[in-house]
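**Q** model the following, please.
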Amino acid sequence: LVKEFPGVKALEGVDFDVRAGEVLGLLGPNGAGKSTLIKCVSGVVEPTRGEILVGGEPLPVGAPGTSLKRGVATIYQELDLVEDLTVAQSVFLGHELRRGPLLDREAMKRETVKLLERLDHPTIPPGAHVRALRPAAQQVVSIARALSHDARLLIMDEPSAILDDEEVETLFGVVRRLREEGVGI
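**A** Residues are numbered from 1 along each chain as shown. I've put the predicted structure just below:
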């Protein structure tokens with residue numbers, strides 16, 4: 001991939017693969033282009049040249065919704081949760097489960113419990129408001145939200161930046177669990 005902004009080449013010749021069940025870390029100093037790369041892969045920013053393949057098929061550029069539908073989910077450093085919503089509402093925000101024209105709140109709670117159990121965090125209550133959760137629990141909710149879209153590739157931008165040491169260990173446990181399930185991270 002290549003990404004140029006006026007007067008700046010943010011990415012030049014970036015080429016790598018992420019396979020199922022593989023965990024990669026992208027390292028570099030500030031300004032190296034890490035966040036730009038994440039935005040290109042997630043569909044937020046269109047690369048100047050190059051293509052992104054998911055399962056061997058090109059990913060349409062500049063289409064975050066399409067990336068998500070193709071199994072590419074991104075969790076940014078600034079979590080995108082709405083503090084006044086419950087955990088279950090946050091997990092299904094934008095793709096709520098329905099029974100006819102009505103929201104199926106019970107189904108969303110049940111599915112949220114399954115996702116949290118999958119992440120080994122069954123004690124996070126689906127009815128709790130996001131604002132009442134510690135940062136690590138909020139991050140787990142963001143990951144559950146990504147998995148509710150059937151993510152095959154989970155991209156996290158500086159996931160440990162807001163966490164204390166114990167919460168970082170919690171995050172690593174979630175990453176190990178997802179790796180075992182074949183999610184690329």
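
**Q** list of residues touching the worst-scoring helix or strand of the chain on mean pLDDT?
**A** Lowest on mean pLDDT, DSSP states H and E among the helices and strands of the chain sits helix 64-69, with a mean of 85. Helix 64-69 has contacts (CB atoms under 8 Å, 6 or more residues apart in numbering) with Val41, Ser42, Gly43, Val44, Val54, Leu59, Pro60, Thr74, His149, Ala151. For glycine as for every other residue, the C-beta is placed from the backbone atoms N, C-alpha and C.

**Q** change it to 10 Å
**A** Defining contact as CB atoms under 10 Å, 6 or more residues apart in numbering, one finds that helix 64-69 is touched by 39, 41-45, 52, 54, 59-61, 63, 72-74, 94-95, 146, 149-151, 153, 155.

**Q** show me which residues of it are buried.
**A** Ser67, Leu68 (16 or more other CB atoms under 10 Å).

**Q** give me the buried positions along the lengthiest helix in the chain.
**A** As assigned by DSSP state H, the longest helix anywhere in the chain is helix 165-180. For helix 165-180, burial by neighbour count (16+ other CB under 10 Å) applies to Glu167, Thr170, Leu171, Val174, Val175, Leu178, Arg179.

**Q** can you select the buried ones among the contacts of helix 64-69 for me in ChimeraX?
**A** Typed into ChimeraX, the line below selects the buried ones among the contacts of helix 64-69, using 16+ other CB under 10 Å:
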select :39,41,42,43,44,45,52,54,59,61,72,73,74,146,149,151,153,155
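
**Q** of the contacts of helix 64-69, which belong to strands?
**A** Val54, Val72, Ala73, Thr74, Leu153, Ile155 (DSSP state E).

**Q** what about Ala137, which helix or strand?
**A** Using DSSP states H and E, the element containing Ala137 is helix 135-147.
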